[in-house]
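Participant: Fold the following and give me the result.
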Amino acid sequence: MAYLRVYEPLSAFGEPTPDQLKKAVDAATLDRSTVGQREQCMWLKSQVAVPTRLLPAELANGKPAPSTGTDVLVLDPADVPGEVGPGPLVCPLELRARSAAALVSFLGDASPALAATVLEAGGVTAETVRSRTTAALSGLPKAAVHVLSTTWTVPLPWFALVDPAERRLVLGSGQDDPARELSWRISMSDALTRAAEARELVESTLGDSGPTRILEETERWLTNFDPGSAVELDYGGLVQLIADPILESDTSAEEVHSILEALRSGNVEQLAELFNELREYWSELAAREHFN
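Facilitator: Prediction:
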């Protein structure tokens, strides 16, 4: 999984800061190298529990588990280029709410036969799913979750938010090293400015295309948060699939910005070449979803 995260100033979560959240921030038991394992653990616990939980980080009665208020990532403003803060900066995992949103989206897109099969296997009705997912989403402190995630790939429009030169690369001891990382951090003001500029450019040249819609949705999502927030684009677990030489030479962010420049200048040949290179690189990774 890859992630786009927002870290807000602690003050954005209310004054005075809730005691549970303050203690979780002071403890800071999670970091980006352990958060994927934590999410996997919560998912596994929800499925092996008796009875099986509809959503992770949820009790048998459908109420949120205590971890919903303590699972957070914490960031020092000094580790983010640009003006952010005041610190500390906090990103709640909100796994229960994110899972609820994903479940609603899946059932909405699935064929009636598939949706019915899933509901039957889970021993729940559509009405139960609606009430439980609504409860999970209504418990969010904001109108949006702080984390967007994708499997097997990174949406190319996300790279428009970052400064390619601010890449954070840690190879670690190998592909299985939890500390292995490829990420970028940017201030909210920079992310919003780049998102708006890219959206306007892509919309004026490509119309109402897939990239335009992703940029529009991402920009709208970012506006839900405090202006002093930080934004992080993180390859997450994808770095475990990419060998050292390929990860070191990854130029996806540079190429996306070159595509935007080619759109501005009308350089069709360069545009086609860059897009084909990116498509080949990311489609090869995405194909691994079907290896088994």
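Participant: Which positions within stretch 175-193 qualify as buried?
Facilitator: Of all the residues in stretch 175-193, those buried under the rule 16 or more other C-beta atoms under 10 Å are 178, 180-188, 190-192. (C-beta placed from N, C-alpha, C; glycine too.)
Participant: That should have said stretch 7-17, apologies.
Facilitator: Buried residues in stretch 7-17, counted by 16+ other C-beta under 10 Å: Tyr7, Glu8, Pro9, Leu10, Ala12, Phe13.
Participant: Ok, stretch 222-230 next?
Facilitator: The neighbour-count check on stretch 222-230 (16+ other C-beta under 10 Å) flags Leu222, Phe225, Asp226, Gly228, Ser229, Ala230 as buried.
Participant: How about stretch 57-68?
Facilitator: Ala57, Glu58, Pro64, Ala65, Ser67, Thr68.
Participant: Which of the residues you listed sits closest to Ala28?
Facilitator: Ala28 lies nearest to Ser67 out of the buried residues of stretch 57-68, by C-beta to C-beta, at 14.7 Å.
Participant: Now do the buried residues in stretch 22-31.
Facilitator: Ala24, Val25, Leu30.
Participant: circling back to that earlier point, return the two entries of the buried residues of stretch 222-230 that lie farthest from one another.
Facilitator: Farthest apart among these by C-beta to C-beta are Leu222 and Gly228. That separation is 12.8 Å.
Participant: Name the residues contacting each of the two.
Facilitator: Common contacts of Leu222 and Gly228 (C-beta atoms under 8 Å, 6 or more residues apart in numbering): Met188.
Participant: Next, format the buried residues of stretch 57-68 as a markdown table and append distance to Glu289 and secondary structure.
Facilitator: Below are these laid out as a markdown table (distance: C-beta to C-beta, whole Å; DSSP: H, G, I helix; E, B strand; the rest coil):
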| residue | distance to Glu289 | secondary structure |
| --- | --- | --- |
| Ala57 | 25 | coil |
| Glu58 | 27 | strand |
| Pro64 | 31 | strand |
| Ala65 | 29 | coil |
| Ser67 | 28 | helix |
| Thr68 | 29 | helix |
